[in-house]
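1. My questions concern the predicted model and sequence given below.
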Amino acid sequence: MRTLDDASPDPTGVELQPADARASLDAIEQAWTQIAPLQGARLREAVRSTPEEQWSGRPLILLALAASYRSVGSRSRSAALPWFRGVAKAIDADPDLSLEVRAGYHVHLGAALRTLGNLVVAHEHLEVARTLIENDLSESITARIGLSASFSLQIGLIRLHYGEYDQAQFALGLASGLAEEHLSIAERVECLSALAYVAVLLGEFTLADEHLERVGELAEGTELLTSSFGALGRIARLHLALERDESPGGHDALLADVHLAARGSDWEALGWFAEAAVLLAQGRSIEVLDHLGRISRLVRGFTGEVVVARAATTVRAETMLQLGQPQEARRLAQPLSPGDRHIECPARVLALIHLSTGEAQAALADLEPCLALGDLHSERTVGHVHAVAAASHLALGDTAQADIAFDRALLEAGTSGAAWVFRTLPEPLLDHLVARAVQREQPPLSQGVLARLHSVDGPGVPPLAEPLSDRELVIVRHLATGQTLGQIGGQLFISVNTVKSHVRSIYRKLQASSRREAIARVRQLGLHVDDD
């Protein structure tokens with residue numbers, strides 16, 4: 001991939017340094033919104049190579065310099081603030097400056113402040129921009145629409161930070177509709193990346209794929225995908241791989257992409273959250289807690305209530321349950337609100353906690369608001385809601401309701417491609433639900449999911465490249481009983497950390513990413529884990 005600082009052709013089609021300095025400044029004023037995100041360093045060099053008296057009194061040049069610090073490769077976004085102050089002074093001195101300067105100042109300052117985590121003040125500047133755009137009719141319609149497109153993009157990104165997903169999707173959709181004529185390539189990549197991320201959260205995986213395909217086309221030949229402009233697209237791609245249960249080994253490259261793009265940006269916490277989700281699926285609980293600590297430290301300096309903090313608490317509760325600490329998990333999950341469309345949906349986690357402690361009726365009560373939401377519930381998590389409801393009904397002996405809920409979970413998983421929704425259920429209950437489901441006629445989408453869950457009856461498999469040790473076989477037999485890691489350690493007189501170390505080794509040797517996969521694998525190998 002070529003860089004934006006080499007001698008290859010300029011992707012914006014603008015020559016930054018023609019022979020005449022004044023012509024160079026004129027060119028920058030005409031096309032700075034295209035140039036600044038892609039070639040910030042070169043833009044600054046071109047401006048500063050001309051005498052300062054030729055550009056210091058040109059507000060659009062000052063605005064271009066300020067915006068250039070949000071460029072690909074820039075890690076010093078706060079350096080933009082003095083230039084924005086220069087623009088503000090120019091506006092104070094001449095309130096009749098063009099709308100491009102006055103509203104553009106607030107839009108681009110809002111974008112810069114967002115990247116620095118100052119969401120509250122960023123939002124205030126964007127609202128000022130909205131008022132100017134709506135009320136100042138002196139500017140051309142084309143110019144106002146262009147400013148509206150940039151405003152909608154930035155307000156959508158702030159709404160996304162706040163977890164106001166419906167409003168974010170609306171604003172981003174408006175920006176996307178105006179993008180081809182009115183947004184820079186970098187803004188279009190940023191917009192579609194954000195739309196892909198929202199689509200993943202809503203469970204609209206096919207739509208997310210379409211957005212990401214377009215992002216790749218737009219970013220070709222640039223470094224946008226390695227920058228904050230493409231960070232949400234990278235994060236969305238990682239979540240898709242996890243939702244679809246793609247090979248855990250394949251996550252390494254995706255994680256590297258996320259780290260590179262999100263580092264130092266306002267999306268860095270979401271990047272760590274995506275990696276925490278991967279680790280949680282792999283049962284690496286202590287590493288999950290470490291990542292959640294990183295997220296807490298990152299968002300501490302943010303203003304406004306960012307949704308990633310709430311989502312991290314939900315994952316922390318899941319992790320504590322995985323570690324065999326249901327009371328702490330309950331303490332964390334109990335006060336959480338579900339948010340828009342129940343995307344985080346802490347109720348399903350609270351229901352799992354109650355189910356794990358034998359309180360199946362309480363689990364069903366937890367899920368009532370989710371089930372009442374119906375089709376408005378995020379498709380990404382609604383399959384899990386039905387799966388937990390199925391296990392709860394079965395625990396209460398209501399097999400008819402359990403069958404209905406489990407069939408709905410199978411269909412949701414088959415439709416979305418999400419395969420993780422069954423992993424959290426207690427093994428004995430899941431085995432019973434699967435055994436009943438295979439006796440019923442299922443639609444094709446459900447059959448594929450059910451076949452994977454029922455893989456214990458599949459064909460023979462090749463032997464392990466590295467056999468399980470005697471101690472690991474003992475631990476596998478305990479895992480098959482549904483015991484927690486703490487209970488296993490107590491029975492074997494070893495620490496929980498030692499049990500975890502053995503479990504990680506077992507998963508690695510079996511090429512499994514969950515307890516159920518590990519048990520299914522050893523049963524296929526004929527290792528008799530169910531023997532007394």
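-> Noted; the coordinates are in hand.

2. I'd like to know how far Q169 sits from A175.
-> 11 Å (Cβ to Cβ, to the nearest Å). Heads up, the C-betas are built off the backbone N, CA and C, glycines and all.

3. So those two - more neighbours on which side?
-> More neighbours surround A175 than the other of Q169 and A175, with 28 against 22 (other Cβ atoms under 10 Å).

4. how near is the more buried one to S184?
-> A175 is 12 Å from S184, by Cβ to Cβ.

5. which SS class is the spatially closest residue to S228 that is not a sequence neighbour?
-> Counting by Cβ to Cβ, 6 or more residues apart in numbering, S265 is the residue found nearest to S228 once chain neighbours are left out, at 3.6 Å. Counting by DSSP: H, G, I helix; E, B strand; the rest coil, the backbone at S265 sits in coil.

6. you'd agree S265 is up against R114?
-> No - the criterion here is Cβ atoms under 8 Å, and S265 misses it with R114 at 9.7 Å.

7. Mind checking which of those two has more residues around it?
-> Higher neighbour count among S265 and R114: R114, with 25 against 22, using other Cβ under 10 Å.

8. Can you say which helix or strand has the more buried one in it?
-> Applying DSSP states H and E as the criterion places R114 in helix 99-115.

9. Extract the C-alpha set from whichever helix or strand comes after that helix and format it as PDB.
-> Per DSSP H and E, the first helix or strand lying C-terminal to helix 99-115 is helix 119-135. Taking C-alpha atoms only, helix 119-135 is exported to PDB below (Å, rounded to 0.1, in the frame of the first residue of the first chain):
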ATOM      1  CA  LEU A 119     -17.900  14.900  24.000                       C
ATOM      2  CA  VAL A 120     -20.000  17.500  25.900                       C
ATOM      3  CA  VAL A 121     -18.300  20.500  24.500                       C
ATOM      4  CA  ALA A 122     -18.000  18.900  21.100                       C
ATOM      5  CA  HIS A 123     -21.800  18.400  21.100                       C
ATOM      6  CA  GLU A 124     -22.300  22.100  22.100                       C
ATOM      7  CA  HIS A 125     -20.200  23.300  19.100                       C
ATOM      8  CA  LEU A 126     -22.100  21.000  16.700                       C
ATOM      9  CA  GLU A 127     -25.400  22.400  18.000                       C
ATOM     10  CA  VAL A 128     -24.100  26.000  17.300                       C
ATOM     11  CA  ALA A 129     -23.200  24.800  13.800                       C
ATOM     12  CA  ARG A 130     -26.700  23.300  13.300                       C
ATOM     13  CA  THR A 131     -28.300  26.700  14.200                       C
ATOM     14  CA  LEU A 132     -26.000  28.600  11.800                       C
ATOM     15  CA  ILE A 133     -26.700  26.200   8.900                       C
ATOM     16  CA  GLU A 134     -30.400  26.300   9.400                       C
ATOM     17  CA  ASN A 135     -30.800  30.000   9.900                       C
END
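
10. Remind me what helix 119-135 packs against, helices and strands.
-> Other helices and strands packing on helix 119-135, by 3 or more Cβ pairs under 8 Å, 6 or more residues apart in numbering; DSSP states H and E, are helix 99-115, helix 141-162.

11. got the buried residues for the longest one?
-> Think helix 141-162. For helix 141-162, a neighbour-count test (16 or more other Cβ atoms under 10 Å) marks 143-144, 146-162 as buried.

12. now the strands for the stretch 351-500 of the chain?
-> Applying DSSP state E, counting those that start in this stretch to the stretch 351-500 of the chain gives no strands.

13. Low-confidence regions, it specifically.
-> Low-confidence segments of the stretch 351-500 of the chain (pLDDT under 70): 455-463.

14. can you give me the helices in it?
-> For the stretch 351-500 of the chain, applying DSSP state H, counting those that start in this stretch gives helices covering 360-373, 379-395, 399-416, 427-437, 444-453, 470-480, 485-492, 496-510.

15. now, of those helices, which is deepest in the fold?
-> helix 379-395 (a mean of 26; mean count of other Cβ atoms under 10 Å).

16. packing partners for that helix?
-> The contact analysis (3+ Cβ pairs under 8 Å, 6+ apart) places helix 379-395 against helix 185-202, helix 346-356, helix 360-373, helix 399-416, helix 427-437.

17. Which one of those lies nearest to G490?
-> helix 346-356 (16.9 Å; Cβ to Cβ).

18. tilt between the closest one and helix 427-437?
-> Calculated by axes from the mean of the first three to the mean of the last three Cα atoms, to 10 degrees, helix 346-356 forms an angle of 100 degrees with helix 427-437.

19. helices and strands around helix 346-356, which ones?
-> helix 307-322, helix 326-333, helix 360-373, helix 379-395.

20. hey, C-alpha coordinates of that helix in CSV?
-> What follows is helix 346-356, C-alpha atoms only, in CSV (Å, rounded to 0.1, in the frame of the first residue of the first chain):
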residue,chain,number,x,y,z
PRO,A,346,-27.7,-6.7,30.9
ALA,A,347,-31.0,-8.5,31.6
ARG,A,348,-29.8,-11.6,29.8
VAL,A,349,-26.7,-11.7,31.9
LEU,A,350,-28.7,-11.2,35.1
ALA,A,351,-30.9,-14.0,34.0
LEU,A,352,-27.9,-16.3,33.5
ILE,A,353,-26.7,-15.4,37.0
HIS,A,354,-30.1,-16.4,38.5
LEU,A,355,-30.1,-19.6,36.4
SER,A,356,-26.7,-20.5,37.6
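
21. Show which residues not belonging to it make contact with it.
-> The contact list for helix 346-356 (Cβ atoms under 8 Å, 6 or more residues apart in numbering) reads 313-314, 317-318, 321, 326, 329-330, 333-334, 336-338, 360, 362-364, 366-367, 369-370, 381, 384-385, 388-389, 391-392, 395, 424, 426.

22. Just send the helices and strands packed on helix 119-135 back as JSON lines, with mean pLDDT too.
-> Listed next are the helices and strands packed on helix 119-135 as JSON lines, based on pLDDT from 0 to 100:
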{"stretch": "helix 99-115", "mean pLDDT": "96"}
{"stretch": "helix 141-162", "mean pLDDT": "96"}
